[in-house]
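J.: Requesting a structural model of the entry that follows:
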Amino acid sequence: MRKIFFSGAVLAASLLLGACGGPESPAPASSSQAGHNAADVAFAQQMIPHHHQALEMAKMVPSRSSDPKVVDLAGRIDRAQDPEIRQMQGWLKAWGVAATSHAMPGGHEMSGDHAMTGMMSDADMKSLDAAKGPAFDRSWLDMMVKHHQGAVEMAKTELAQGSDAGAKALAKKIIEAQQAEIAEMQGLLKG
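T.: Residues are numbered from 1 along each chain as shown. This next block holds a predicted model:
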């Protein structure tokens, strides 16, 4: 009887100690909580103002362009990039990171010694704002090609250095969409 009682006490103590042990292993974090790195943060922080400038440029088109193809393209850019901005802002919020780094939304130049890849300067934007008709169309297409090339480079950096699956998927989508738009704009410039 004593052996059964002692064995039962040992078993109960083992179960009790097991239940009172250290904290459980943490559950795998979702991609919005973990799995991101500094490259993912930089991608979102830089692509947001980059997209804001593209939207600013796209909004100039309806009142200045003489080409319905340019008007259509600008509308597609606006419809694609606005939701991407909101998506990236959501990531930054989930990651507990500020939405901006050195560039503020709507800003055209980074503070410091270098401009963000593909961003138009304030002078470029003023020049574009003053143009109308075919001159506007040519300037807008030239600038938007450069702007898109910058976004493609930023997205390629994210693919190479980022770790968040969502950010990398968006980078791939940006590369595919903007390379197609670059080809379209180059065709409009030739034709």
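J.: Show me the shaky parts of the chain.
T.: Applying pLDDT under 70 to the chain flags residues 1-34, 101-115.
J.: Which strand or helix spans the residue positioned nearest the centre of it?
T.: Central residue of the chain (Cα atoms, centre = their mean): Ala44, 3.9 Å from the mean position. Using DSSP states H and E, Ala44 maps to helix 38-64.
J.: what's the offset of the helix or strand just after that helix from the middle of its chain?
T.: Once helix 38-64 ends, the next helix or strand along the chain (criterion: DSSP H and E) is helix 68-95. In terms of Cα atoms, centre = their mean, to the nearest Å, the centre of helix 68-95 is set 10 Å apart from its chain centre.
J.: Over to stretch 57-73?
T.: 24 Å.
J.: For it, give me every contacting residue.
T.: 74-75, 77-78, 81, 120, 125, 128-129, 131-134, 136-137, 140-141, 143-144, 147, 181, 184-185, 188 (Cβ atoms under 8 Å, 6 or more residues apart in numbering). (Each C-beta comes from the backbone N, C-alpha and C, glycine too.)
J.: any idea how far the residue nearest to the centre of the chain lies from Ile182?
T.: Here Ala44 is placed at a distance of 22 Å from Ile182 (Cβ to Cβ, to the nearest Å).
J.: same deal with Val152?
T.: Relative to Ile182, Val152 is positioned 8 Å away (Cβ to Cβ).
J.: Please apply the same query to Val61.
T.: 17 Å.
J.: More neighbours: which of the two?
T.: Val61 (21 against 18; other Cβ atoms under 10 Å).
J.: How about the more buried one, nearest residue that isn't a chain neighbour?
T.: Ala74 (3.7 Å; Cβ to Cβ, 6 or more residues apart in numbering).
J.: can you tell me which residues contact the one you found?
T.: Counted by Cβ under 8 Å, 6+ apart, Ala74 has contacts 57-62, 65, 140.
J.: for the one helix or strand Met144 maps to, packing partners?
T.: Applying DSSP H and E as the criterion places Met144 in helix 133-161. Contacts defined by 3 or more Cβ pairs under 8 Å, 6 or more residues apart in numbering; DSSP states H and E place helix 133-161 against helix 38-64, helix 68-95, helix 122-130, helix 165-190.
J.: The same query, at a cut-off of 6 Å, please.
T.: With contacts taken as 3 or more Cβ pairs under 6 Å, 6 or more residues apart in numbering; DSSP states H and E, helix 133-161 sits against helix 38-64, helix 165-190.
J.: most tightly surrounded among those?
T.: Mean neighbour count (mean count of other Cβ atoms under 10 Å) peaks for helix 38-64 among the helices and strands packed on helix 133-161, with a mean of 20.
J.: now it: how far from the chain's centre is it?
T.: With Cα atoms, centre = their mean, you get 9 Å for helix 38-64.
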